[in-house]
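[1] Sharing a model prediction with you, sequence too.
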Amino acid sequence: MNQRGQVWVETAIYTLIAFVLIGAVLAFAKPKIDEMKDKMIVEQSINMLKEIDNTLRSIGIPGNQRVVDLTIKDGSLKIDGEEDKIIFEIESQYKYSEEGVEITNDNLKILTLKEGGIEKVKITANYGSDRNLTFDGKDQEKIIIKSPTPFKLIIIRKESGEQNRIVIDLKIN
């Protein structure tokens, strides 16, 4: 009878040890998994902004329009018609670059800042010198947040405006 009780005690102890080991592995692995996921999202967002940039720069004559599919898994995309910029921001575990140092990737400026214990990666495409961006025909700001379904960004070339800057109207469908 005494040995039967000992078997149950040993089983309980082994089970607890297994749970502690699994918990320890998860405590170390989960932050690394989150960092890798955030790295993938940042890199996909850079590619998305490059696609938007290429479309904005290659759109032809006034009246032409193009559609770009946007998939935002995390973070936010801001279309700033007042400043003629498109900005993607994400709070992540991944540090894309050295903190506070802006790097250039094609026409994009990428900046990593630390806020609390979280990195904030900001990717900016600035069109102020040669393009006038509008959203729904107005110089306004529009923020697009993450969504499980993709957005369709409609890019329409309008007549040139003041200072011969190309007017590009953006719409979300």
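    In hand now; what should we look at?
[2] make it CA atoms for all contacts and neighbour counts henceforth
    Will do.
[3] Assign K171 to helix, strand or coil.
    At K171 the chain is in strand, as set by DSSP: H, G, I helix; E, B strand; the rest coil.
[4] going forward, begin numbering at 9 instead of 1
    New numbering, starting at 9: the last item is K179.
[5] dump the residue contacts of the closest residue to it other than its chain neighbours.
    On the basis of CA to CA, 6 or more residues apart in numbering, the spatially nearest residue to K179 that is not a chain neighbour turns out to be I162, at 5.0 Å. Taking CA atoms under 8 Å, 6 or more residues apart in numbering, we find I162 in contact with Q73, R74, V75, V76, L178, K179, I180, N181.
[6] Same check on I95?
    L85, K86, I87, D88, K130, I131, T132, A133.
[7] One more pass at 7 Å, please.
    By CA atoms under 7 Å, 6 or more residues apart in numbering, the residues touching I95 are L85, K86, I87, K130, I131, T132, A133.
[8] what's the neighbour count on the fourth one?
    The local packing of K130 (other CA atoms under 10 Å) involves 22 other residues.
[9] Who does it form a beta bridge with?
    E97, L119 (DSSP bridges).
[10] sorry, back to before: where does the residue nearest to K179 land in three-state SS?
    Following three-state DSSP, I162 is assigned to strand.
[11] In a markdown table, list the contacts of I95 along with secondary structure, pLDDT and distance to T23.
    Output for those, formatted as a markdown table (DSSP: H, G, I helix; E, B strand; the rest coil; pLDDT from 0 to 100; distance: CA to CA, whole Å):
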| residue | secondary structure | pLDDT | distance to T23 |
| --- | --- | --- | --- |
| L85 | strand | 94 | 47 |
| K86 | strand | 96 | 50 |
| I87 | strand | 94 | 53 |
| K130 | strand | 95 | 45 |
| I131 | strand | 95 | 47 |
| T132 | strand | 95 | 51 |
| A133 | strand | 94 | 54 |
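[12] mind showing which ranges of the chain have poor pLDDT?
    Low-confidence segments of the chain, defined by pLDDT under 70, are located at 9-11.
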